[in-house]
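>>> need a structure here:
(chains A and B)
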Protein chains: 2
Amino acid sequence: MPDENLIRVPFDLMKQQFYDVLIGLKFPKEKAKTCAAIFAGNTLDGIHSHGINRFPRFVDYIKKGYIKPQASPKRIAQAGAIEQWDGQLAPGPSNAVQATGHAMELASENGLGLVALANTNHWMRGGAYGWQCAQEGFAFIGWTNTIANLPAWGAKTCKLGNNPLVIAIPYQDEAIVLDMALSQFSYGKMEDLQKKGEELPLPGGFNKNDQLSTIPAEILESGRPLPIGYWKGAGLSLLLDLLATLLSAGLSTSAISRQNKAEYGVSQVFIAIDLKQLDNFPVMEQTIQAVLDDFQSAEKVSPESSLRYPGQRVLITREINKIKGIPVDAGLWEQIKNL
Amino acid sequence: MPDENLIRVPFDLMKQQFYDVLIGLKFPKEKAKTCAAIFAGNTLDGIHSHGINRFPRFVDYIKKGYIKPQASPKRIAQAGAIEQWDGQLAPGPSNAVQATGHAMELASENGLGLVALANTNHWMRGGAYGWQCAQEGFAFIGWTNTIANLPAWGAKTCKLGNNPLVIAIPYQDEAIVLDMALSQFSYGKMEDLQKKGEELPLPGGFNKNDQLSTIPAEILESGRPLPIGYWKGAGLSLLLDLLATLLSAGLSTSAISRQNKAEYGVSQVFIAIDLKQLDNFPVMEQTIQAVLDDFQSAEKVSPESSLRYPGQRVLITREINKIKGIPVDAGLWEQIKNL
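Here you go, the predicted structure:
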């Protein structure tokens, strides 16, 4: 977006704006607060695609009845440190915050805990729940399935989801957070570059002639984005979908795509591991630092190469945006205020 | 290898041969039995690279003292459903079988269980432990770190491991098993193709001019194989290494590479989830079948495309080799017999 359309919105103001919209949509106060904090926090961290940019669609799905603001997740079954919950189609972010909290409670009692959540909604940015866990001294492994949007290896039609996977560990009162979808590039990224007339930096899918391509328009036309690692990411997507579906007794990517008009009613898994209970907890910080120091001592491809660990850039963005306000397209901000 | 050098060795004969060699190396009987079964089983499944082809190096590492046949893993600490074990540099396959067994015991008691294993050795084919779990009705998530063999994104030198990740679920008295290293192609695969003068089917690394390449010799020369999904696989490698290191209180990829002459003393994680304790266990088979049916109904890129689920080809190979014997290079078989 051109710079002249950018304004800077303070975090608290953005959160309040989201809150007001959600209250207008009959959200209970606590749930409005949680969802507003997730949307504003994601945007503060620079993840606009799963923050403010996605808020209008979130509102649209509420109006269409796909997301039910007044519903609350319900525990269906427990087996030791595993809990199965039915998300009741309540908002994805508040369901995910609650599931993460339960996973941490289970982990506090059992060393580790797993919450599987069926019939929930898009959690926006999975990394948010990794941060939530890590800031309390827990490691986190979690993932969600999605509607079908990725072809299996050797397939032309999309039967797999891009099923984002999140792994987080505590580090320096903050976190190292990997948050990755299993498609090489998101549709949003490809559409952005297409609008600008730019190419992808690396092959991101196949064109209609079965050739790897860096041209977003070609990939969007063929509908064949690349899974990470070719057949490997496709296999990982299938296994994460099956695990989320079996553990939550929820809908698979296949079932979501067949039954629902839009992406709702997804299945998610939240695993928390209580690192504080391990004898080596006091030296973990040093262990991590030694690994990162070595990681960042590698010879770089070019002086511009960054060698950042996952989540490192987010922290920098967060600090800048806290001080300067969050950069937002002025038109989008007007749209949000009028929701 | 040319067909004229291929012989077919019955599974039981191969297992007995491995067993005899290991007994000669002063393995306790139980441990020799377990390791022989893993090496022969991997070869039966067609994974020669982590079966018979690797057996001479396994023997070499024993002779060099990197692997200690008479050592036994020791439980160091427990926190609920988490156990930390010290592998004591005992053989990787028997350590991994034992750790998987303990993870299943913990899962039987707690719904899920996690065993983290420090100071262990190469587990050969991680998928073997996925099959072990799945055949008892457990889902499995496990991974190992390795010596540094993969560059971070933006780096020329290898500071990451290819850290194989395994996810398995039970299916039809067998299993669906994803077993993938985080490098796009293994060094073994690239060396094989180089010998034959063939190219990789897809880009597998960078050449010395920082260009993606399909030519094995170029990638082996630059020492820059491609992580799956470019920066995504690199990030996943770092997180899996950190988690394995912290959970086991063991050595990181960085520490292994610094301290050890060869790849030994690695860190591993074994998570078992007892699906049998979930109320929806009786219908899981149908759920999986519906997902696989949809997966395999996709339009294929070409009539030759297979659309197999992870582990499916292994089953076919296993059945053929059980009947016809395991295809092995005659020279290698002679070498094994003379170990």
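
>>> Stretch A:117-124 and chain B, are they touching?
No: figure legend: stretch A:117-124 not in contact with chain B (Cβ under 8 Å from any Cβ of the partner chain); closest approach 9.7 Å. Just so you know, the C-beta spots here come from the backbone N, C-alpha and C atoms, and that holds for glycine as well.

>>> Same question for stretch A:308-322.
Yes: judged by Cβ under 8 Å from any Cβ, stretch A:308-322 comes into contact with chain B through A:309, A:310.

>>> likewise stretch A:45-58?
No: Stretch A:45-58 stays clear of chain B (Cβ under 8 Å from any Cβ), getting no nearer than 15.4 Å.

>>> buried residues in that stretch?
Across stretch A:45-58, burial judged by 16 or more other Cβ atoms under 10 Å in any protein chain shown covers A:45, A:46, A:47, A:48, A:49, A:50, A:51, A:52, A:53, A:54, A:55, A:58.

>>> mind checking the end-to-end distance for that stretch?
By Cα to Cα, to the nearest Å, the extent of stretch A:45-58 from end to end equals 19 Å.

>>> Give me the mean pLDDT for that stretch.
In this model, stretch A:45-58 has a mean pLDDT of 96.

>>> Residues in contact with it: which ones?
Around stretch A:45-58, the neighbours that count as contacts under Cβ atoms under 8 Å, 6 or more residues apart in numbering or on different chains are A:14, A:18, A:21, A:35, A:39-44, A:67, A:91, A:122, A:124-125, A:127, A:186, A:188, A:313-314, A:317-318, A:321, A:326, A:328, A:332-333, A:335-336, A:339.

>>> pLDDT weak spots in the stretch 1-150 of chain A?
Within the stretch 1-150 of chain A, the ranges that satisfy pLDDT under 70 run A:1-4.

>>> can you list the residues of it near chain B?
Counting by Cβ under 8 Å from any Cβ, the stretch 1-150 of chain A sits next to chain B at A:76-82, A:84, A:107, A:109-112, A:114, A:139, A:141.

>>> follow-up on the earlier one: farthest pair within the buried residues of stretch A:45-58?
Using Cβ to Cβ, the two most remote members of the buried residues of stretch A:45-58 are A:46 and A:58, lying 18.6 Å apart.

>>> Derive a PyMOL selection command for the buried subset of the contacts of stretch A:45-58.
Applying 16+ other Cβ under 10 Å to these leaves a buried subset, and the PyMOL line that selects it is:
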select buried, chain A and resi 14+18+21+35+39+40+41+42+43+44+67+91+122+124+125+127+186+314+317+318+321+326+328+332+333+336+339
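
>>> quick revisit: of the residues of the stretch 1-150 of chain A next to chain B, closest to residue A:175?
Out of these, the member with the shortest distance to residue A:175 (by Cβ to Cβ) is residue A:139, at 9.6 Å.

>>> Mind checking what secondary structure that closest one has?
Classification of residue A:139 using DSSP: H, G, I helix; E, B strand; the rest coil returns strand.

>>> what are the ranges of the strands in chain A?
A:6-9, A:74-79, A:82-86, A:112-120, A:138-144, A:150-151, A:158-160, A:165-171, A:174-180, A:205-206, A:212-213, A:266-274, A:326-329 (DSSP state E).

>>> contact partners of the second one?
Contacts with strand A:74-79, where a contact means Cβ under 8 Å, 6+ apart, come from A:83, A:84, A:85, A:86, A:88, A:118, A:249, B:111, B:274, B:277, B:278, B:279.

>>> Name the nearest residue to the first one, sequence neighbours excluded.
Residue nearest to residue A:83 in three dimensions, not counting chain neighbours: residue A:115, with 5.0 Å by Cβ to Cβ, 6 or more residues apart in numbering or on different chains.

>>> if I look at the one you found, how far off is chain B?
Distance of residue A:115 to chain B, computed by Cβ to the nearest Cβ, to the nearest Å: 11 Å.

>>> thought that residue was touching residue A:247?
No: look at residue A:115 against residue A:247 with Cβ atoms under 8 Å: they stay out of range, at 9.1 Å.

>>> the more surrounded of these two?
Comparing residue A:115 with residue A:247 by other Cβ atoms under 10 Å in any protein chain shown, the one with more neighbours is residue A:115, at 31 against 27.

>>> Who are the contact partners of the more buried one?
Residue A:115 touches A:82, A:83, A:84, A:85, A:99, A:100, A:102, A:103, A:106, A:269, A:270, counting by Cβ under 8 Å, 6+ apart.

>>> switch to 6 Å and redo it
Residue A:115 makes contact with A:83, A:99, A:102, A:103, A:270, according to Cβ atoms under 6 Å, 6 or more residues apart in numbering or on different chains.

>>> give me the number of residues near the spatially closest residue to residue A:206 that is not a sequence neighbour?
Distances taken as Cβ to Cβ, 6+ apart put residue A:224 closest to residue A:206, at 4.3 Å, once the chain neighbours are dropped. As a burial measure, residue A:224 scores 23 neighbours (other Cβ under 10 Å).

>>> Share the number of residues neighbouring residue A:210, please.
12.

>>> what about burial for the contacts of strand A:74-79, which qualify?
Judged by 16+ other Cβ under 10 Å, buried ones among the contacts of strand A:74-79: A:83, A:84, A:85, A:86, A:118, A:249, B:111, B:274, B:277, B:278.

>>> Can I get those residues in a markdown table including distance to residue B:219?
Shown next, in a markdown table, are the buried ones among the contacts of strand A:74-79 (distance: Cβ to Cβ, whole Å):
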| residue | distance to residue B:219 |
| --- | --- |
| A:83 | 46 |
| A:84 | 45 |
| A:85 | 46 |
| A:86 | 49 |
| A:118 | 44 |
| A:249 | 45 |
| B:111 | 44 |
| B:274 | 42 |
| B:277 | 46 |
| B:278 | 44 |
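
>>> And these, which two are furthest apart?
Between all members of those, the farthest pair (by Cβ to Cβ) comes out as A:86 and B:274, at 20.8 Å.

>>> Do a quick rundown of the helices in the stretch 151-300 of chain A.
A:187-196, A:216-222, A:231-248, A:253-259, A:284-295 (DSSP state H, counting those that start in this stretch).

>>> and those, which one's lowest on average pLDDT?
When I compare the helices of the stretch 151-300 of chain A, helix A:187-196 is least confident, with a mean of 92.

>>> excluding its backbone neighbours, what's nearest residue A:122?
residue A:92 (4.6 Å).

>>> Quick check, the one you found in contact with residue A:123.
Yes: the pair residue A:92 / residue A:123 is scored as a contact, 4.6 Å apart, by Cβ atoms under 6 Å.

>>> Show me which of the two is the more surrounded one.
residue A:123 (29 against 25).

>>> List the contacts of that one.
A:92, A:96, A:144.

>>> Closest to chain B out of those?
residue A:144 (15.5 Å; Cβ to the nearest Cβ).

>>> Residue A:14 and residue A:334, how far apart?
13 Å (Cβ to Cβ, to the nearest Å).

>>> pLDDT value on residue A:261, please?
Looking at residue A:261, the pLDDT reads 80.

>>> separation between the nearest residue to it once chain neighbours are set aside and chain B?
The spatial neighbour of residue A:261 that comes closest, neighbours along the chain excluded (Cβ to Cβ, 6+ apart), is residue A:66 at 7.9 Å. From residue A:66 across to chain B, the span is 22 Å (Cβ to the nearest Cβ).

>>> what do you get for residue A:42?
19 Å.

>>> pretty sure that residue contacts residue A:125?
Yes: Residue A:42 is in contact with residue A:125 according to Cβ under 6 Å; the separation is 4.6 Å.

>>> neighbours around residue A:220, how many?
Neighbour number of residue A:220 under other Cβ under 10 Å is 15.

>>> go on, the one 3 residues further on?
For residue A:223, the neighbour count with other Cβ under 10 Å is 16.

>>> which of the contacts of residue A:115 are buried?
In those, the ones that pass as buried (16+ other Cβ under 10 Å) are A:83, A:99, A:102, A:103, A:270.

>>> Nearest to chain B among the residues you listed?
residue A:83 (8.8 Å).
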